[in-house]
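Novice: kindly generate the corresponding structure for this input.
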Amino acid sequence: MIKFLVKRIATAIVQIFVVTTIVFFALQMMPGDPVLLMLSRDGSAVDQEAYDALEAELGLDQPVMTQYTNWLTDLVHGDLGTSYGENRPVTEAIGDRIPRTLELAAVSLVLACIIGIPLGILSAVRRGGFLDLGLTLLSSLGNSVPVFVLGYVLVLVFSLNMKLLPSSGYVPVARGLDNHIQRLILPAVALALGVAASILRMTRSSMLESLGSESVRPLRAKGLSKGKVYGKHVMRNMLIPVVTIIGLQLGSLIAGTVLCEAVFNWPGIATLLVDAINNRDYPLIQGCMLILSAIFILTNMVVDLLYGFLDPRAR
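Specialist: A predicted model of the protein is given here:
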């Protein structure tokens, strides 16, 4: 197990390095001049001396490989640079936003599991019935509706028509837990429903596969109760692919927050990344991409470790 753990951690480190390298050099081909954008936001003429001074201050006058080497060196020391637009360290700007995105993604994932796993089990147990058909149709619908469409529907129904919940915005917990939760519900539900549909489908198929396996069918013939067969054998076999899909869906949740945060005006790291791209804020773009990629890669690593723990064959 130790060898398996070390191998997965080493793989994750290499993946993060590759992603950061690709992001850095991709930004060099990005159209637009951040120095010109900073000095002339209204389109007015720019003084060449001011341009050269700011370019040198930002280090953009150096060769690309020198910039890359300096960025990697600073990264090793925990320094992601200074944001052009925010005018403060990138780590500080991301530190303010990332907890909000992680909170939204975590709550959405918990909701998706609470909805998807029990309904998937119920659908498998009632296979072929009207309940199974209805849940299968709902899961297909959940996978088909985009997050932003579902978000606007939720706002229309629960905010504008029923007036039960705020339509958008963010309130820190310090300013009132009730207000914070009320504004969290709609974006979390909008993100959770699509993920819940995927978890439901995977749970159902895994449950049916486990019920029909050669190791489970003889247990009922030996006289074991249905509860013991389901609880001790079927559920354990079912968990392996379900854990995998849950881990992969967490990455989808992080990606889905871009649209969800825009719809509900939720100030997370996704909206920070969009603003950084519009402002050609290279250090902030690199920092956001690094953090988001690291979250996705580390999540997959944890899933691999759980998979190896549940199934010794994977090790």
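
Novice: run through the stretch 1-150 of the chain and note the low-pLDDT ranges.
Specialist: For the stretch 1-150 of the chain, the stretches flagged by pLDDT under 70 are 1, 31-34, 37-47.

Novice: in it, which spans are helices?
Specialist: 2-28, 34-39, 48-58, 64-76, 90-125, 130-144, 147-154 (DSSP state H, counting those that start in this stretch).

Novice: give me whichever of those helices is most buried.
Specialist: Most buried of the helices of the stretch 1-150 of the chain by mean neighbour count (mean count of other Cβ atoms under 10 Å) is helix 90-125; its value is a mean of 20. C-betas here are computed from N, CA, C, even on glycine.

Novice: can you name every helix or strand that that helix contacts?
Specialist: helix 130-144, helix 177-211, helix 235-264, helix 269-278, helix 282-310 (3 or more Cβ pairs under 8 Å, 6 or more residues apart in numbering; DSSP states H and E).

Novice: to Gln62, which of those lies closest?
Specialist: With distances scored as Cβ to Cβ, the stretch of the helices and strands packed on helix 90-125 nearest to Gln62 is helix 282-310 (13.0 Å).

Novice: could you give me the buried positions within the closest one?
Specialist: 282-297, 299-301, 303-308 (16 or more other Cβ atoms under 10 Å).

Novice: among the helices and strands packed on helix 90-125, which is nearest Leu164?
Specialist: Of the helices and strands packed on helix 90-125, nearest to Leu164 by Cβ to Cβ is helix 177-211, at 8.9 Å.

Novice: angle of the closest one against helix 130-144?
Specialist: 120 degrees (axes from the mean of the first three to the mean of the last three Cα atoms, to 10 degrees).

Novice: how far off centre is helix 177-211?
Specialist: 14 Å (Cα atoms, centre = their mean, to the nearest Å).

Novice: buried stuff in it?
Specialist: Neighbour-count burial for helix 177-211, with 16+ other Cβ under 10 Å as criterion, is recorded at 183-208, 210-211.

Novice: average pLDDT for it, rounded please.
Specialist: Averaging pLDDT along helix 177-211 gives 85.

Novice: residues in contact with stretch 128-137?
Specialist: Applying Cβ atoms under 8 Å, 6 or more residues apart in numbering, the contact partners of stretch 128-137 are 119-120, 122-124, 126, 200-201, 204.

Novice: can you show me the CA trace of that stretch as CSV?
Specialist: Backbone C-alpha positions of stretch 128-137 (Å, rounded to 0.1, in the frame of the first residue of the first chain) are rendered in CSV as follows:
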residue,chain,number,x,y,z
GLY,A,128,-38.3,-2.5,-14.4
GLY,A,129,-41.0,-0.8,-12.5
PHE,A,130,-42.6,2.6,-12.9
LEU,A,131,-40.4,4.1,-10.2
ASP,A,132,-37.2,2.8,-12.0
LEU,A,133,-38.5,4.3,-15.3
GLY,A,134,-39.3,7.6,-13.7
LEU,A,135,-35.9,7.9,-12.0
THR,A,136,-34.1,6.9,-15.2
LEU,A,137,-35.9,9.7,-17.1
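
Novice: skipping adjacent residues, who's closest to Asp52 in space?
Specialist: The shortest distance from Asp52 to any non-neighbouring residue, by Cβ to Cβ, 6 or more residues apart in numbering, is to Asp61 (7.5 Å).

Novice: angles on the backbone of that neighbour, please.
Specialist: The phi/psi pair for Asp61 (degrees, to the nearest 10) reads phi -90, psi -10.

Novice: wait, isn't it in contact with Glu55?
Specialist: Yes. Using Cβ atoms under 8 Å, Asp61 makes contact with Glu55 at a distance of 4.8 Å.

Novice: pull the most distant pair out of the contacts of stretch 128-137.
Specialist: Arg126 and Arg201 (15.0 Å).

Novice: which parts of stretch 273-284 are buried?
Specialist: 273, 276-277, 279-284.

Novice: out of the helices and strands packed on helix 90-125, which gets nearest to Val19?
Specialist: Nearest of the helices and strands packed on helix 90-125 (Cβ to Cβ): helix 282-310, 4.3 Å.

Novice: chain center to the closest one: distance?
Specialist: 9 Å.

Novice: relative orientation of it and helix 48-58 in degrees?
Specialist: 20 degrees.

Novice: can you offset everything so residue one is 12?
Specialist: All right, first residue 12 from here; so that's helix 293-321.

Novice: who does helix 293-321 touch, helix- and strand-wise?
Specialist: With 3+ Cβ pairs under 8 Å, 6+ apart as the test, helix 293-321 has helix 13-39, helix 101-136, helix 246-275, helix 280-289 packed against it.

Novice: please consider this matter closed, and thank you.
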